[in-house]
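Enquirer: Dropping the sequence and predicted coords here.
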Amino acid sequence: RAKDEGGNTHYCYVPSLHANAEERRKLELSLRRAIGQNELELNFQPVVNARSETVVSFEALLRWNSEEHGFVSPAKFIPLAEDTRLIVPIGEWVLHEACREATRWPDDIKVAVNVSGEQLLEPMFANTVVRALADTGLAPHRLEVEVTESVFLRDGRTARQTLEEIMALGCSVALDDFGTGYSSLGYLRTLRFSTIKVDKSFVQGASQENQESLAIIRAVVAMARSLEMTTTAEGVEDADQAALIRELGCTKIQGFYFGRPMKAIEARSLVVKGRNSRAA
Ligand code: C2E
Ligand code: MG
Ligand code: MG
Ligand code: MG
């Protein structure tokens with residue numbers, strides 16, 4: 001790429017690479033201390049039933065407000081946590097925290113937790129899940145683990161075995177960001193995912209009258225149905241997108257239109273108050 005840009009641009013990459021490495025090291029040191037310093041927090045984003053528009057689950061999304069670096073985007077610190085394997089202890093914290101919060105919601109509302117490939121490849125990961133459930137008292141069927149297609153890239157066999165162990169506990173597993181990865185469809189044949197989450201790029205593409213995105217969502221919905229899996233459309237931002245997604249037959253909707261990721265206390269009051277007001 002540097003070649004395409006021609007000229008002397010490659011000279012500029014050297015100092016900036018050093019700066020990035022230095023910056024990364026600082027960020028890593030801070031991230032190492034983040035749990036102990038209470039800098040991590042979970043936000044919860046509602047997922048609604050596409051027809052009734054009632055909340056069926058919340059996805060737990062990690063936030064890092066660093067004393068040294070301020071608010072750091074997950075797009076930046078999650079890959080860093082994965083590269084350094086800090087995602088293993090951090091992910092364990094996330095699981096416990098998410099399960100604990102979910103015990104405060106009505107029984108029919110699930111919590112979805114993102115799990116990285118590095119976590120799945122840990123030999124004792126299923127035990128970590130068991131411990132989170134046991135310590136918090138959350139019923140296994142209320143926990144949904146979200147993985148992306150990329151978890152099958154490095155050691156597909158181990159990832160698959162761990163996911164089967166998690167399913168055997170009674171938890172469900174969702175396939176996140178579907179359509180953006182590189183994996184084959186083979187694992188859809190043998191792993192019983194509960195849900196396929198259609199990546200937001202398709203959802204947002206479809207609303208721009210893009211026939212290709214529409215066709216792909218339609219095909220994913222049909223495939224999921226015949227595999228007895230549900231579909232969640234990610235990234236629904238307005239009423240038009242919600243209507244279109246409903247028409248295409250997605251089971252569930254997640255996106256800013258129905259709610260942004262919010263503090264635990266707000267999520268809690270949403271499901272408690274929401275129910276009371278509907279019942280009244
Ligand atoms: P994801 O699992 O696909 O989560 C959905 C992302 O889409 C979230 O970004 C959410 O804020 C964003 N989103 C939701 N609705 C909309 C919408 O209507 N429009 C737009 N433009 N965006 C929307 P977020 O919170 O920045 O997280 C980014 C990614 O970081 C997540 O993608 C997930 O892969 C990863 N991540 C977050 N928390 C964790 C965690 O606890 N563990 C692991 N391993 N990964 C996590
Ligand atoms: Mg997710
Ligand atoms: Mg996603
Ligand atoms: Mg993602």
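Expert: Cool, got the structure. Numbers count the residues shown, from 1 in each chain. Ligands and ions are numbered 1, 2, ... in the order given.

Enquirer: So Arg51 lies in a helix, does it not?
Expert: No - Arg51 is assigned coil when assessed by DSSP: H, G, I helix; E, B strand; the rest coil, not a helix.

Enquirer: Let me know whether it touches Arg246 as I believe.
Expert: Yes - Arg51 is within contact range of Arg246, at 7.0 Å (criterion: Cβ atoms under 8 Å). All C-beta atoms are positioned from the backbone trio N, CA, C, and that covers glycine.

Enquirer: between those two, who's got more neighbours?
Expert: Arg246 (16 against 10; other Cβ atoms under 10 Å).

Enquirer: who are the neighbours in contact with the more buried one?
Expert: Residues near Arg246 by Cβ atoms under 8 Å, 6 or more residues apart in numbering: Ala50, Arg51, Ile253.

Enquirer: Equivalent analysis for Gly137, please.
Expert: Gly137 neighbours (Cβ under 8 Å, 6+ apart): Thr103.

Enquirer: From ligand 3, how far out is it?
Expert: 28 Å (Cβ to the ion, to the nearest Å).

Enquirer: and the residue most central in space within the chain, what is it in contact with?
Expert: Nearest to the geometric centre of the chain sits Asn114, at 4.2 Å (Cα atoms, centre = their mean). By Cβ under 8 Å, 6+ apart, the contact list for Asn114 reads Glu59, Ala60, Leu61, Leu62, Val94, Glu146, Val147, Asp176.

Enquirer: Where does the second one sit: helix, strand or coil?
Expert: Using three-state DSSP as the criterion, the local structure at Ala60 reads strand.

Enquirer: Looking at strand pairing, list the partners for it.
Expert: Phe44, Val113 (DSSP bridges).

Enquirer: can I assume it is in contact with His96?
Expert: No - Ala60 is beyond contact range of His96, at 10.8 Å (criterion: Cβ under 8 Å).

Enquirer: Helix or strand for Val173, just tell me which one.
Expert: strand 172-178 (DSSP states H and E).

Enquirer: Okay, strands next: where are they in the protein?
Expert: 40-49, 55-66, 70-72, 110-114, 143-148, 172-178, 195-198, 230-233, 252-254, 262-263 (DSSP state E).

Enquirer: buried ones in the first one?
Expert: So the one you mean is strand 40-49. Leu40, Leu42, Asn43, Phe44, Gln45, Pro46, Val47, Val48 (16 or more other Cβ atoms under 10 Å).

Enquirer: Poorly predicted segments of the stretch 101-250 of the chain, please.
Expert: 183 (pLDDT under 70).

Enquirer: how about 90 then?
Expert: Across the stretch 101-250 of the chain, the ranges flagged by pLDDT under 90 are 123, 153-154, 179-187, 189-190, 205-211.

Enquirer: Which positions in it make contact with ligand 2?
Expert: Asn114, Glu146, Asp176 (Cβ under 5 Å from the ion).

Enquirer: got a list of what the second one touches?
Expert: Taking Cβ under 8 Å, 6+ apart as the criterion, Glu146 is in contact with Glu59, Ala112, Val113, Asn114, Val115, Val173, Ala174, Leu175, Asp176, Lys197.

Enquirer: and it, how far is that from Gly70?
Expert: 27 Å (Cβ to Cβ, to the nearest Å).

Enquirer: And Asp107, by the same measure?
Expert: 38 Å.

Enquirer: Name the nearest residue to Asp177, sequence neighbours excluded.
Expert: Asp199 (4.5 Å; Cβ to Cβ, 6 or more residues apart in numbering).

Enquirer: per-residue confidence at the closest residue to Thr84 other than its chain neighbours?
Expert: Leaving aside its chain neighbours, Thr84 sits nearest to Glu28 (5.6 Å; criterion: Cβ to Cβ, 6+ apart). pLDDT recorded at Glu28 is 96.

Enquirer: residue contacts, Glu28?
Expert: Glu28 touches Leu80, Thr84, Leu86, counting by Cβ under 8 Å, 6+ apart.

Enquirer: Convert the C-alpha atoms of stretch 240-249 to PDB, please.
Expert: Coordinates of the C-alpha atoms in stretch 240-249 are reproduced here as PDB (Å, rounded to 0.1, in the frame of the first residue of the first chain):
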ATOM      1  CA  ASP A 240     -37.800   2.600   8.000                       C
ATOM      2  CA  GLN A 241     -35.100   0.000   8.700                       C
ATOM      3  CA  ALA A 242     -37.100  -1.600  11.400                       C
ATOM      4  CA  ALA A 243     -40.100  -1.900   9.100                       C
ATOM      5  CA  LEU A 244     -38.000  -3.400   6.300                       C
ATOM      6  CA  ILE A 245     -36.300  -5.900   8.700                       C
ATOM      7  CA  ARG A 246     -39.700  -7.000   9.900                       C
ATOM      8  CA  GLU A 247     -40.900  -7.500   6.400                       C
ATOM      9  CA  LEU A 248     -37.800  -9.600   5.600                       C
ATOM     10  CA  GLY A 249     -38.800 -11.800   8.500                       C
END
